[in-house]
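Novice: any chance you could fold what I've pasted below:
(chains A, B, C, D, E and F)
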Number of protein chains: 6
Amino acid sequence: MASDHGSHSDHGDTWTGHVPPVPFEEYSERYSAFFKMRRENGVIELRLHTDDGPYIHNWAAHNAWSRVWQDVGNDPGNQVLIITATGDSWFRGDPDKTWQKPIADEEPDYIFQQTYDGWKLIESFVGNLDIPTIAAVNGPGIHTEFALLCDITLAVEEADFMDPHFLAGSAPGDGQALVLQALMGTKRAAYHIYGGKPIPARTALELGIVSDVLPREQLLDRAWELAEFIMQRPRFARWATHNILARPWKKLVAEDFGFHISQQMLSTVASKELIPIRSLIADAGARKIW
Amino acid sequence: MASDHGSHSDHGDTWTGHVPPVPFEEYSERYSAFFKMRRENGVIELRLHTDDGPYIHNWAAHNAWSRVWQDVGNDPGNQVLIITATGDSWFRGDPDKTWQKPIADEEPDYIFQQTYDGWKLIESFVGNLDIPTIAAVNGPGIHTEFALLCDITLAVEEADFMDPHFLAGSAPGDGQALVLQALMGTKRAAYHIYGGKPIPARTALELGIVSDVLPREQLLDRAWELAEFIMQRPRFARWATHNILARPWKKLVAEDFGFHISQQMLSTVASKELIPIRSLIADAGARKIW
Amino acid sequence: MASDHGSHSDHGDTWTGHVPPVPFEEYSERYSAFFKMRRENGVIELRLHTDDGPYIHNWAAHNAWSRVWQDVGNDPGNQVLIITATGDSWFRGDPDKTWQKPIADEEPDYIFQQTYDGWKLIESFVGNLDIPTIAAVNGPGIHTEFALLCDITLAVEEADFMDPHFLAGSAPGDGQALVLQALMGTKRAAYHIYGGKPIPARTALELGIVSDVLPREQLLDRAWELAEFIMQRPRFARWATHNILARPWKKLVAEDFGFHISQQMLSTVASKELIPIRSLIADAGARKIW
Amino acid sequence: MASDHGSHSDHGDTWTGHVPPVPFEEYSERYSAFFKMRRENGVIELRLHTDDGPYIHNWAAHNAWSRVWQDVGNDPGNQVLIITATGDSWFRGDPDKTWQKPIADEEPDYIFQQTYDGWKLIESFVGNLDIPTIAAVNGPGIHTEFALLCDITLAVEEADFMDPHFLAGSAPGDGQALVLQALMGTKRAAYHIYGGKPIPARTALELGIVSDVLPREQLLDRAWELAEFIMQRPRFARWATHNILARPWKKLVAEDFGFHISQQMLSTVASKELIPIRSLIADAGARKIW
Amino acid sequence: MASDHGSHSDHGDTWTGHVPPVPFEEYSERYSAFFKMRRENGVIELRLHTDDGPYIHNWAAHNAWSRVWQDVGNDPGNQVLIITATGDSWFRGDPDKTWQKPIADEEPDYIFQQTYDGWKLIESFVGNLDIPTIAAVNGPGIHTEFALLCDITLAVEEADFMDPHFLAGSAPGDGQALVLQALMGTKRAAYHIYGGKPIPARTALELGIVSDVLPREQLLDRAWELAEFIMQRPRFARWATHNILARPWKKLVAEDFGFHISQQMLSTVASKELIPIRSLIADAGARKIW
Amino acid sequence: MASDHGSHSDHGDTWTGHVPPVPFEEYSERYSAFFKMRRENGVIELRLHTDDGPYIHNWAAHNAWSRVWQDVGNDPGNQVLIITATGDSWFRGDPDKTWQKPIADEEPDYIFQQTYDGWKLIESFVGNLDIPTIAAVNGPGIHTEFALLCDITLAVEEADFMDPHFLAGSAPGDGQALVLQALMGTKRAAYHIYGGKPIPARTALELGIVSDVLPREQLLDRAWELAEFIMQRPRFARWATHNILARPWKKLVAEDFGFHISQQMLSTVASKELIPIRSLIADAGARKIW
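Specialist: Here you go, the predicted structure:
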């Protein structure tokens, strides 16, 4: 069915005119500035990158994510998703480039787009991907919420996890806090978020935030090994198992995430400050937050 | 922002490389066999049709819907959605063409696709459209669940609403019952669903299932009038108002719909019957169900 | 399977030793002082009675209900349930007999049993019956909560519905208020409950509390007609349709009913009064509450 | 207990040092510019007013409400609450006085206070009042959400109910939409809110938004009659009945209201417009919105 | 009350005709092929067995469980429940005996019964037992979900816990995954379920899946010691404490379990495979899964 | 705004008449028998005490708490809350003084007040404090539920946490069990509560019940250091971050706490025993429970 609707011609003409989803060749090319994609036997790997080096945060990628999840999810050729990044960091950023003036000083449409993109990248991840998902977190970085929303999250020893929003003068509403609350508990999450404290990979494993910690050279191999193990089960079993295991995320996002993101954006816009507040993150470089 | 990211060049290079969503010209053409689309001043109208006449149910359209909602929702050029159909019926079908043998006799991939499409068309509608939505139901028909999931639902006098699943020997898990339970109440919905009873437009209005009932010649004009009224408000107001008014649907779908669709498909597959059971719907033509 | 496990002897010995549920002959006899039961073609009818006349409330019946629902639900010979009562009233009581001294003056075990029975009769009704349920309310009376918890509720013109708890000096925690809140809305339910106002059958129909109102002589015939219509559908369809239509009740009872019943019993015990407070219901006879 | 802790001196010294709540004489005086309060036999009446005439909206009152509910709720001398307003209108306002410049132009602390007051007036109403509540809506007006959050809502024929936010260019997040969605249903609420359509008292009664509609001269008498009827029941019964009947509001506010108010304030601040947008409400005077 | 309703003869005749629940002697005999039952001072012990040796899974027992929980729960002579199994394993099975052909090849009634029994054994456990429950898990085995749903779960060192569904080609919808998600967290549960990884008793203790780990010779003594400790508290305290501690399970089952079981059965039936897929569990014997 | 409404005189007269909340000087004095309060730079510290020594439980304080939280929450001068106690214990009590006769023997108004105070102290804590909250638990004691409901909970090595209700013959409905279930998991909480087992501070840290464990001499310094760190962020960020991190508590209290407290009070009143049952807590002194 998935790969060839023509084979169902014996069911009469009600499938005539089937419009196939965007093919791998097209979307892998379209988003190639943000993701290197490869696929083998139903397993698709998305690798975050910037110029084939470590990913540097930029609004163009941030805007594209929700649509990447759609295209990957629509394509029945994708049966297991692996998501990883490049080199030794998951995600880097330069506050001075990413946030150049207080968001309150931007045009309404600019504020809208930033809000909308931040919201949809989470909603689209849990709403449009109905296959087993595996993250392979290859190093420290922020914005790990979609790595943590995957069914399975592998990490290298050097990885860490943190929510820098409050540290930097804003509120933790982009999904990272939602995921940390759910995985490490309300009390632990609050302490780490108020303090802007990173959680090293080993601690994250003990707390149930990640599934396993591995040496870098084994990370991707293990992800692929898991993906292949999963692929040996019937399609219905993969789908239903993902549905059961990801149901808590779907409910959580529907019930709470809209509140989180709205509180973050409201507090950021209404405070009228340039966030991250530079004085608050003066030592961020040393602490490798960005 | 939405229409021209270039104008934000003063924000540095973090928007460089922006990948725009699929443009109206492309998706309106791609799905033109199922939907006639037109757009004016931010209002997009989708008209269900088959060969420019009344829509005849077919699996190709059923499969495409979830992606249509994505493309429409992704495009910031769309600010209000009107959805309607063609001629004097919302939706027609021929059971003998649509269901030719028991679904239990199909291949697993076929059963999968049918299940998946039925699930995603609802999830995608509530998850990927973040703008005010208006349905203009131009006549009787089944599969009105996405018309009812719109923020506003206008209907002609001749329209009616029903859930034919139980009547035909299956279970009402495709979203129609979910919507009817929420809008008309548990007790009324149960009676109509067990009995396969249609709800005429006027009754639907009294019960809070539709927003208004109009003569056919005024239907679309009223929808456009409403859309234009809505368009006079700021983008943020439109978005936030839709978010508030559609929140009950998002929660309902996350909490209950997976159960509904799974029960429907399990009961249909496991009963091994050819559904609709022909003897049960022998008078369906006379009753204009299909 | 249901009727003859022996037919599965070809599946080897894993069904050997099957213990059948209590048979109709046994439980229909055991509870015959409270319910007249009859069964035809999978439709079981339970008729509340006292000495084959109108049912007079008594604690023995109140205690038995939760187990009646279990036995009926366990027996695969029961595929649709009709529940009704005798003569021209649903339920009568004599406060002076039923409540003879303040419950605070009873032994803890007595208070426990009253609390427990009141709780379990609701939980058991929604938790142990997985078949379509139809109530045929043959006249006025209190304790209609399990009639209203049925999928379909038919009533005679003379029936009415009320929650007398607050009127009588207690709190409305036995399930009736829970059901009224869900069916007629929070605001309407509050007004009727504070005021101890009965809802006539016709009004109940308009408000979505009952499914239909009929002349007495047609009541049971209509219930059986519906049951037979339902029986024409496959077993899986009946089961799944009931599951979908009754899901709101299961969720509601799990989330809210424990609070309701605990508040009722706490307020009744702790107030130390003889409830119903006689002065408050002095005109109850005239108003046909009991 | 409530009225005289000294009577419990036989329980030893663990009640020694009891700090009584703020007495009626003190809080009724403190908030006398916004509310005329009177109390009789445990029934407290709060009458909104401005200079003893119809209430004119002002931020000082808006700020005080959450604390009024606390003081009223803390005082065990208050056993039933009646809330009403003065003359022939519930609530009047002059947009030109109330909103003089875009809120985005205000200082962060000003935006904070407005947000906070709007949030707390709802949370405090459902969280700090644990007694039966009766609203007597004496005329048209906006900001009826706390009248509708009362257990019982009486209204005069001339009253109407509306949510003017979207009409005026903002989002309906102040509680009015939350209450309308819950009482009149998702579909009807959406249509009225998008259209800025008022709901006349009679229609509100039919839709379950209000409990009863009365001629003006009977309004307060009926409220007091109800209060006295309620007062005849034991304290535990009044408390538990309110708890049961108001539980849906407590859950609704906890789950959804934070989202509503955050969306309203975010959309209002980020749109940077002067809201109400003057052109959108040009005919508001004629339509008696403000 | 519980033990002798006759003692309430002073309350008049409203208890006349009390029908006692099925007595211990009767149900302990009826289900003796699956459970050895003994009772002392209000503590009832149920021991799973097959021919007085380790329990071997069979459909007759699977079918009976929901009714065993009812009979145990109905009998006020049972005040604390201990559930354990025989010898050095909790639960054994032989896939070749238990599943002999694809379930898709069975008759609809057979599929129904398997689905129904799997559903009801969980619903009945949380819905019909209102007393403190203690599991004493005496060895490894699958189908530990009702051991884990007990208030307290003790285990021997050699016990382990796993969900073998996905490993074997199906979906984890029988309650085990639901319980593991709730107790060990979403992330850990997903990794163990996708990988079919058993959780040794010590690890289960660290993760909060079991209450304590003990040498085999102390296991039952400890369970009885706890039961006796619990029995020293008043009946109301035992009941209310169980209600409070088990409330999360009641809510979870009402909200999520129907989805889980429906997904499992749908995926198993629709995949048309013989599950467990033999090639996937070829080494199951060595791994002591079954 | 918060400190000087006069500065908004340019907004016209809609703020005229602002009634400021009760000032620090007044409420800190009013509750000084239970709390020593001090405030510096927006950080308010509340220290539980009795005669400036360790706090000894008494009903006057228990009654006052809900109003203390209101006054603290209303005052915009309070931006971070630290709550601690005096000397080397959090909370002490003497059962013989606190509970002198069975509560069933008290007047209804006494039972009401005890119930009401126990309920409101929790509801008010989560409903009326909208600022970051830090508990500094200075030693063992019971009634730690509001310490655990704080965003951050620091404890000395000697502190421990327990729920003594079931041990003493009652049910764990005062909030402590609710919090323990949420923080340590359903299974662990049940075992500790049935067994009346205290959780030492170090274990509490490992289980996510407290945020950090410190030597006594560092406890308060660390709390103040955290408070000052938090104060460096904008007011909007502090508020929104608290809102996000405390949302799980608000939802939990709305959904479950009413059931908990009602079950506790019902079981305590209806059992008619003097609770704590003296024989059950004979060794409580040795175990330092009270």
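
Novice: chain F contacts on chain A?
Specialist: Counting by C-beta under 8 Å from any C-beta of the partner chain, the residues of chain A close to chain F are A:165-166, A:169-173, A:177, A:181, A:184-191, A:193-195, A:207, A:256, A:259-260, A:263-264, A:266-268, A:270-271, A:273, A:277, A:280. Placement of C-beta: from N, CA and C, glycine included.

Novice: do a quick rundown of the helices in chain A.
Specialist: Assigned by DSSP state H, the helices in chain A fall at A:24-30, A:59-74, A:95-98, A:108-128, A:145-148, A:165-168, A:176-184, A:186-195, A:201-206, A:216-231, A:235-252, A:258-271.

Novice: closest to F:His18 out of those helices?
Specialist: Evaluated over the helices of chain A, closeness to F:His18 peaks at helix A:258-271, with 20.8 Å, by C-beta to C-beta.

Novice: for chain C, what is the nearest residue in chain A?
Specialist: At 12.8 Å from chain C, A:Lys251 is the closest residue in chain A, using C-beta to the nearest C-beta.

Novice: excluding chain neighbours, what is closest to that residue?
Specialist: The shortest distance from A:Lys251 to any residue other than its chain neighbours is 5.2 Å, reached at B:Ala254 (C-beta to C-beta, 6 or more residues apart in numbering or on different chains).

Novice: contact partners for the one you found?
Specialist: For B:Ala254, the contact set (C-beta atoms under 8 Å, 6 or more residues apart in numbering or on different chains) comprises A:250-251, A:253-255.

Novice: lowest mean pLDDT among the helices and strands of chain A, which one is it?
Specialist: For chain A, using mean pLDDT, DSSP states H and E, the weakest element among its helices and strands is helix A:95-98, scoring a mean of 85.

Novice: one step back: most neighbours of all the contacts of B:Ala254, which one?
Specialist: Compared across those, A:Val253 has the highest neighbour count, 24 neighbours, by other C-beta atoms under 10 Å in any protein chain shown.

Novice: what's the neighbour count on the residue lying closest to that residue once chain neighbours are set aside?
Specialist: Computed as C-beta to C-beta, 6+ apart, the closest residue to A:Val253 that is not its neighbour in sequence is A:Val126, at 5.1 Å. Counted with other C-beta under 10 Å, the neighbours of A:Val126 add up to 25.

Novice: just give me the neighbour total for A:Gly195.
Specialist: Using other C-beta under 10 Å, A:Gly195 is surrounded by 17 other residues.

Novice: A:Lys197 now?
Specialist: Neighbours of A:Lys197 (other C-beta under 10 Å): 13.

Novice: in contact with it, which residues?
Specialist: In this structure, A:Lys197 makes contact with A:162, A:191, judged by C-beta under 8 Å, 6+ apart.

Novice: again, but for A:Ile111
Specialist: A:103, A:265, A:269, D:270.

Novice: how near is it to D:Phe112?
Specialist: Using C-beta to C-beta, to the nearest Å, A:Ile111 is found at 18 Å from D:Phe112.

Novice: same check on A:Trp59?
Specialist: As for A:Trp59, its distance to D:Phe112 is 28 Å (criterion: C-beta to C-beta).

Novice: neighbours of A:Glu40, how many?
Specialist: 11.

Novice: wait, A:Glu225
Specialist: By the measure other C-beta under 10 Å, the count of residues near A:Glu225 is 11.

Novice: before we move on, the earlier item: so which of the helices of chain A is the most surrounded?
Specialist: The highest mean neighbour count among the helices of chain A, using mean count of other C-beta atoms under 10 Å in any protein chain shown, belongs to helix A:258-271: a mean of 28.
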